[in-house]
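Enquirer: sequence and predicted structure, then a few things I'm wondering about:
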Amino acid sequence: MTIGKLSKESFLEKLHGALKPSEPIESLELLFGRDSQINDLESALYPAGRNVFIYGDRGVGKTSLAHTLAFKLQKKTDPIIVGCSGDDGLVSVVKRIVYNFIEGNVIKNKNSFSISAGFSGLSFSISIDKEQEKKMMEINNTSSACDLLREIEKLYGGIDVFIVIDEFDQIQDLEERKKFGMLIKQLGDNKSRIKLIFTGISKSLTELIGGHQSSERHIVQVKLEPITWDARFALIRHILNRFSLTMDPSIEYKISALSDGFPHYIHLILEHILNTAYNMPKDITNIDSDLFLLGLDKAIRSVAESLRNKYSSATECRDVIYHHILWSMADSADFFRHKTNIYTSYQSICKQLNISAVDNKKLSSKINNLTKLDYGEIIVRHADGKRPGWYEFSESIIRGYVRMIAEMNNIDLDFQENHIPNTNYSRVSNKKYSSRKMSPQEYQLLKERGELYDE
């Protein structure tokens, strides 16, 4: 059935069953580009005492991977899922796990039991009644938290217990985060079937738990990168097929490129394109450039406020050159850019706009302004300033948003070429990168993503 023949209710149900820009994915059917991580983690988590840390940039899909993994592996019931906030610590997170367990009434087996919990003074206590045996447990340190989780584990009757602890990076107190490292070690040393799956925005595991070395053998680390081009195309085509739609190949490419490999952006753009298509007066069977631009405009206006605010701080009521610099930063496939190449991209943009470019010295001064708090600190010096002249966006997810704005202003950006100067290069070849040079940093990142192979 074509999109225009669906009732409003049927369309919305189908739309939000397929696209999840505002909530995590929980099914393998909608999780594209993560097959290798799912397979590797399923094997890695099989032994007792193993836990997972999934870390990376905001919007890259950490929560979706964690939820999908947990729902796939948890038997008999749903996994336990909790989030973290700034003032959380070990006790409060474990408390949330217990309440989630209680409210979900998660275990159904022949052994009847009751469980209750509450605070007494500064400690959290739990009472478990099972087969006429009553246990009172008080949680006030790492050891008692471990004991409590092991008691919950017993109620599962010997199966693995998957617990997702989402947005772990939100916990502000490093000492509290370190306690989770100790908890992991204690659970691992006891060969527990509790499987903790953490997610957090970070560049390394050490940033999250402070390098608790004795717990490292119990932790499987996954640094999540943006999804590959092939996965982006597969996701787009999967959604289009659900609605019996086709799309101009150039539009598929644009959405894939603008998303920068962040699934959130693909879901967001497609949501608004499909809504626009459904509300057209005639029945739509193909998504063309006009529909794409209408949907993209709405998607830009619905991007997270924190990202929009950064861009606004950098550009609102300022010289138009700041737009041009940010678009130049988003040009090419480079993950970080040298000011020489930013200037080359800037000149290209000025040529497209038919305006005169400022000189290199003035542009460098403007670039420096964008690293300041008054300008939203939208870009930062690469490697904490240890490499002079190199810059990157303060958050990788910003680049996709900047690319969308450039597209709405009819600016053609280069999404695949690399222009990193003054460095050693590797020669690579595959159908996408077609035998060209790239820097060691680009080579390593793309190799990890499975997007290239050596000649």
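Expert: Arrived safely, thanks for sending.

Enquirer: so where do the strands sit in the stretch 151-300 of the chain?
Expert: Ranges of strands within the stretch 151-300 of the chain are 161-166, 194-201, 219-224, 246-247, 286-287, based on DSSP state E, counting those that start in this stretch.

Enquirer: pull up the pairing partners for the longest one, direction included.
Expert: Sheet partners assigned to strand 194-201 using DSSP bridges are listed as strand 51-56 (parallel), strand 161-166 (parallel).

Enquirer: one more: the third one?
Expert: The strands that strand 219-224 pairs with in its sheet are strand 51-56 (parallel) (by DSSP bridges).

Enquirer: measure how far the partner strand is from the centre of its chain, please.
Expert: With Cα atoms, centre = their mean, to the nearest Å as the basis, strand 51-56 stands 12 Å off its chain's centre.

Enquirer: buried residues in it, which are they?
Expert: Neighbour-count burial for strand 51-56, counted by 16 or more other Cβ atoms under 10 Å, picks out N51, V52, F53, I54, Y55, G56. No exception for glycine: its C-beta is placed from N, CA and C like everyone else's.

Enquirer: the third one contacts V220, correct?
Expert: Think F53. Yes - between F53 and V220 there is a contact under Cβ atoms under 8 Å: 7.4 Å.

Enquirer: make JSON lines out of the buried residues of strand 51-56 and add pLDDT and distance to E42.
Expert: Listed next are the buried residues of strand 51-56 as JSON lines, based on pLDDT from 0 to 100; distance: Cβ to Cβ, whole Å:
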{"residue": "N51", "pLDDT": "95", "distance to E42": "14"}
{"residue": "V52", "pLDDT": "96", "distance to E42": "11"}
{"residue": "F53", "pLDDT": "95", "distance to E42": "16"}
{"residue": "I54", "pLDDT": "96", "distance to E42": "14"}
{"residue": "Y55", "pLDDT": "94", "distance to E42": "19"}
{"residue": "G56", "pLDDT": "92", "distance to E42": "19"}
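
Enquirer: and of the residues you listed, the nearest to A406?
Expert: G56 (24.4 Å; Cβ to Cβ).

Enquirer: who's that closest one bridged to?
Expert: Here G56, judged by DSSP bridges, has bridge partners I201, L224.

Enquirer: tell me which residues touch it, please.
Expert: G56 is in contact with K62, I201, S202, K223, L224, E225, counting by Cβ atoms under 8 Å, 6 or more residues apart in numbering.

Enquirer: can you name the residues that contact the fifth one?
Expert: The neighbours of L224, taking Cβ under 8 Å, 6+ apart as the test, are Q37, I54, Y55, G56, D57, V60, G61, K62, L65.

Enquirer: pLDDT score for K282?
Expert: With respect to pLDDT, K282 has a value of 92.

Enquirer: so it makes contact with G4?
Expert: Yes - the criterion here is Cβ under 8 Å, and K282 meets it with G4 at 7.2 Å.

Enquirer: neighbour count: those two, which is higher?
Expert: Neighbours were counted for K282 and for G4 using other Cβ atoms under 10 Å; G4 has more, 15 against 6.

Enquirer: quick one: contacts for the nearest residue to the more buried one once chain neighbours are set aside?
Expert: Nearest in space to G4, with sequence neighbours left out and distances taken as Cβ to Cβ, 6 or more residues apart in numbering, is D283 at 3.2 Å. By Cβ under 8 Å, 6+ apart, the residues touching D283 are T2, I3, G4, K5.

Enquirer: export the strands of the stretch 151-300 of the chain as a markdown table, with columns for distance to Y253 and mean pLDDT.
Expert: Shown next, in a markdown table, are the strands of the stretch 151-300 of the chain (distance: least, Cβ to Cβ, whole Å; pLDDT from 0 to 100):
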| stretch | distance to Y253 | mean pLDDT |
| --- | --- | --- |
| strand 161-166 | 33 | 97 |
| strand 194-201 | 29 | 96 |
| strand 219-224 | 24 | 93 |
| strand 246-247 | 10 | 96 |
| strand 286-287 | 13 | 96 |
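
Enquirer: in TSV, list those strands along with distance to T344.
Expert: Converted to TSV, the strands of the stretch 151-300 of the chain look like this (distance: least, Cβ to Cβ, whole Å):
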stretch	distance to T344
strand 161-166	41
strand 194-201	31
strand 219-224	30
strand 246-247	32
strand 286-287	33
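
Enquirer: give me the distance between the residue most central in space within the chain and Q37.
Expert: Nearest to the mean C-alpha position of the chain, by Cα atoms, centre = their mean, lies V60 at 2.3 Å. Distance, V60 to Q37, using Cβ to Cβ, to the nearest Å: 12 Å.

Enquirer: thinking again about what came up before, scan the contacts of G56 and report the most crowded one.
Expert: K62 (28 neighbours).

Enquirer: with adjacent residues omitted, what lies nearest to that residue?
Expert: T199 (4.2 Å).

Enquirer: ditto for K179
Expert: L90 (4.3 Å).

Enquirer: which one of the strands of the stretch 151-300 of the chain lies closest to L69?
Expert: strand 194-201 (6.5 Å).

Enquirer: contacts for that closest one, please.
Expert: 45, 50-58, 62-63, 65-66, 69-70, 73, 149-150, 152-153, 160-169, 180, 183-184, 187, 208.

Enquirer: what of stretch 355-366?
Expert: D319, I321, Y322, I325, K339, I342, Y343, Y346, Q347, C350.

Enquirer: and T371, its phi and psi?
Expert: phi -90, psi 0 (degrees, to the nearest 10).

Enquirer: got a list of what it touches?
Expert: Applying Cβ under 8 Å, 6+ apart, the residues near T371 are E377, I379, V380, R381, Y391.

Enquirer: appreciated, that's everything.
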